[in-house]
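In: Would you be able to build a 3D model of this:
(chains A, B, C and D)
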Protein chains: 2
Amino acid sequence: MARPARTSGVSLRNPERTRERILSAALKEFAANGFAGARVDAIAQRAAVNKRMLYHYFGNKEHLFREVLRLKMAERQAWAETLSGDPAESLAFWFDAACRDPDWVRLLEWEALQEANRRLIDEKKRRAATNRGLERIRQRQTRGQVSAEFDPRHVMLAMRSLTMFPAAFPQLTRLIMGRPVSDPMFQKDRTAFLKRFAAAFQPPPARSSAKNDLAK
Amino acid sequence: MARPARTSGVSLRNPERTRERILSAALKEFAANGFAGARVDAIAQRAAVNKRMLYHYFGNKEHLFREVLRLKMAERQAWAETLSGDPAESLAFWFDAACRDPDWVRLLEWEALQEANRRLIDEKKRRAATNRGLERIRQRQTRGQVSAEFDPRHVMLAMRSLTMFPAAFPQLTRLIMGRPVSDPMFQKDRTAFLKRFAAAFQPPPARSSAKNDLAK
DNA sequence: ATTTCAAGTAACTTGATGGTTACTTGGCAG
DNA sequence: CTGCCAAGTAACCATCAAGTTACTTGAAAT
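Out: Numbering: from 1, shown residues only, chains lettered A, B, ... in the order given. Got it, this is the predicted structure:
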């Protein structure tokens, strides 16, 4: 039952490794070209695997695509859970994540464009993760770190927008900023901006009364 | 030289109309499926035009795609110029525009994914339009309507992010908000949120001194 | 009226591409 | 040792889709 674990190197037959190779090649190909643009032959070649194996393990192109998406999503969900509370920190963290791993953003984008109508891949898990995120924002609100005047859903949507947009629209970002998104200079400046801008989510500095503390 | 202007209906030959039909069909097809996913035959069919005409007028699929993009961009640029100053107003306006015309956002998205590396379509004009937009923000800053502490480029990027994101990522938006982007309820709520949130761009209410009025 | 050319049509070519067939081979259970 | 099946290979096929060829036709200009 256990892997043979050849003393030197890997055995010629190695289903797990092959599967991994295909998935990793598929991730690159799909992120780069989307579903319609991706070429099954290209994936096989990248993976240095016979094309037939791809069908052996995943059935067809679409199944493979969905599996790639599912894995990436799961990876990110795990990250999301490790986050503490501060909006400034979250903004910086997610912006950094988007810059470091543009493939992830691109996959989300391909998904948005393609599966627009269809039900989401892995919807249940993603909805649960989102709800946990919303709960975290509510906690910050009760702790007074985030303004209670805002609906947590709107806050989360705003934060996602601010962090993902540059990686999602590098051409527009470059047009506006004059630098490519990949430029460390841009990333540094943007992080600084986001940290300051995070103040927008904080409660106003106790103006006169404090009557609307429990607003939705 | 002038159009014949048949007394009743349109003449059988009508190059302008045909060109229009093709462009409008292409817009829909490209917005729906992207460049790689779009089918030339589908465009011809949608336009109720012989496929050959498409090559007659536009040379090939890619030229047609670029022409479609160019036209949409130009349309939006014109809109942008009509805008007055207030961030709250701009946010609401552009958010509404994105919701009303998801095809436009989708085209930008396809462009982002496909032409990632290549030079932008119509880059010169778009850069100029962007610069005019930045200039308008600077004016607002000197008038004290927008905080002078922010780099105008970062402000513009933030505003674009906030307005375009929902239309660009309807699946994530729905996950977060619980409603589809097309839902008027969502659009109303979001507009209200954005209007309030626009305060984030305003200068702080004159705390102690007013020394940094000319920043950047 | 006749010429001329853009506008328009139908059928075809050619290459790419997703998926399959038919086969071989490594390695474990019995 | 041997039968068996998952893992793996090479060659193939059917289809689809971009782009072309070769033709016809409407109507403006002379």
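In: what sits against the residue most central in space within chain A?
Out: Nearest to the geometric centre of chain A sits A:Trp104, at 5.0 Å (Cα atoms, centre = their mean). The contact partners of A:Trp104, taken as Cβ atoms under 8 Å, 6 or more residues apart in numbering or on different chains, are A:Lys72, A:Arg76, A:Ala97, A:Ala98. C-betas here are computed from N, CA, C, even on glycine.
In: at 10 Å instead, please
Out: Applying Cβ atoms under 10 Å, 6 or more residues apart in numbering or on different chains, we find A:Trp104 in contact with A:Leu27, A:Ala31, A:Lys72, A:Met73, A:Glu75, A:Arg76, A:Ala97, A:Ala98, A:Met164, A:Ala167.
In: Next one, pLDDT for it please.
Out: Note on A:Trp104: pLDDT of 96.
In: what helix or strand is it on?
Out: For A:Trp104, the host element (DSSP states H and E) is helix A:102-114.
In: List the buried residues in the first helix or strand past that helix going along the chain.
Out: Remark: after helix A:102-114, the chain's next helix or strand is helix A:123-142, criterion DSSP H and E. Buried residues in helix A:123-142, counted by 16 or more other Cβ atoms under 10 Å in any protein chain shown: A:Arg126, A:Ala129, A:Thr130, A:Gly133, A:Leu134, A:Arg136, A:Ile137, A:Arg140, A:Gln141.
In: Let me know the average pLDDT across helix A:123-142.
Out: So the average pLDDT for helix A:123-142 ends up being 94.
In: chain center to that helix, what's the gap?
Out: The chain centre lies 16 Å from the centre of helix A:123-142; the measure is Cα atoms, centre = their mean, to the nearest Å.
In: now for it, which elements pack on it?
Out: The contact analysis (3 or more Cβ pairs under 10 Å, 6 or more residues apart in numbering or on different chains; DSSP states H and E) places helix A:123-142 against helix A:61-81, helix A:87-100, helix A:152-168, helix B:170-177.
In: hmm, the helix or strand where A:Glu29 lies touching DNA strand D?
Out: Using DSSP H and E, A:Glu29 falls within helix A:15-37. Yes - Helix A:15-37 is in contact with DNA strand D by Cβ under 7 Å from any atom of the strand, via A:Pro15, A:Thr18.
In: Does anything pack onto the helix or strand following that helix? Which helices or strands?
Out: Where DSSP H and E defines the elements, the next helix or strand beyond helix A:15-37 is helix A:40-47. Counting contacts by 3+ Cβ pairs under 10 Å, 6+ apart, helix A:40-47 packs against helix A:15-37, helix A:51-58, helix A:61-81.
In: The longest one relative to helix B:15-37, how many degrees between them?
Out: The reference is to helix A:15-37. Comparing the axes of helix A:15-37 and helix B:15-37 via axes from the mean of the first three to the mean of the last three Cα atoms, to 10 degrees yields an angle of 170 degrees.
In: buried ones in helix A:15-37?
Out: Using 16+ other Cβ under 10 Å as the test for burial, helix A:15-37 gives A:18-19, A:21-23, A:25-35, A:37.
In: So is that helix next to chain B?
Out: Yes - Helix A:15-37 lies within reach of chain B by Cβ under 10 Å from any Cβ of the partner chain, at A:Ala31, A:Ala32, A:Asn33, A:Gly34, A:Phe35, A:Ala36, A:Gly37.
In: Pull the contacting residues for the second one.
Out: What that stands for is A:Ala32. For A:Ala32, the contact set (Cβ under 10 Å, 6+ apart) comprises A:Ala38, A:Ala42, A:Asp103, A:Arg106, A:Trp110, B:Leu113, B:Gln114, B:Ala116.
In: Any stretches of chain A with poor pLDDT?
Out: Counting by pLDDT under 70, the ranges of chain A that qualify are A:1-11, A:85, A:206-216.
In: Break it down into its structural domains.
Out: Chain A is divided into the following domains under automatic domain parsing: A:15-59, A:69-201.
In: Quick one: end-to-end distance for the last one.
Out: Read it as domain A:69-201. With Cα to Cα, to the nearest Å as the measure, the ends of domain A:69-201 fall 31 Å from one another.
In: Same question for stretch A:55-69.
Out: Its start and end residues considered, stretch A:55-69 measures 17 Å (Cα to Cα).
In: buried set for that stretch?
Out: Buried, per 16+ other Cβ under 10 Å, within stretch A:55-69: A:Tyr57, A:Phe58, A:Lys61, A:Leu64, A:Phe65, A:Arg66, A:Glu67, A:Val68, A:Leu69.
In: what about that stretch, near chain B?
Out: No - in terms of Cβ under 10 Å from any Cβ, no part of stretch A:55-69 sits within range of chain B; the closest distance is 11.1 Å.
In: and what of stretch A:162-174?
Out: Yes - shown here: stretch A:162-174 in contact with chain B (Cβ under 10 Å from any Cβ) through A:162-174.
In: Just the C-alpha atoms of that stretch, please, in CSV.
Out: Extracted in CSV, the C-alpha atoms of stretch A:162-174 (Å, rounded to 0.1, in the frame of the first residue of the first chain):
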residue,chain,number,x,y,z
LEU,A,162,-8.6,48.1,-3.3
THR,A,163,-6.3,45.1,-2.9
MET,A,164,-7.0,43.1,-6.0
PHE,A,165,-7.6,45.7,-8.6
PRO,A,166,-4.0,46.5,-9.6
ALA,A,167,-3.2,42.9,-10.2
ALA,A,168,-6.4,42.3,-12.0
PHE,A,169,-6.0,45.4,-14.3
PRO,A,170,-2.3,45.8,-14.7
GLN,A,171,-2.8,47.8,-17.9
LEU,A,172,-5.0,50.4,-16.3
THR,A,173,-2.8,50.5,-13.2
ARG,A,174,0.2,51.2,-15.4
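In: Please report how far the closest residue to A:Pro152 other than its chain neighbours lies from B:Ile176.
Out: For A:Pro152, ignoring the flanking residues on the chain, the nearest one in space by Cβ to Cβ, 6 or more residues apart in numbering or on different chains is A:Ile137 at 4.1 Å. The gap separating A:Ile137 from B:Ile176 is 11 Å, by Cβ to Cβ, to the nearest Å.
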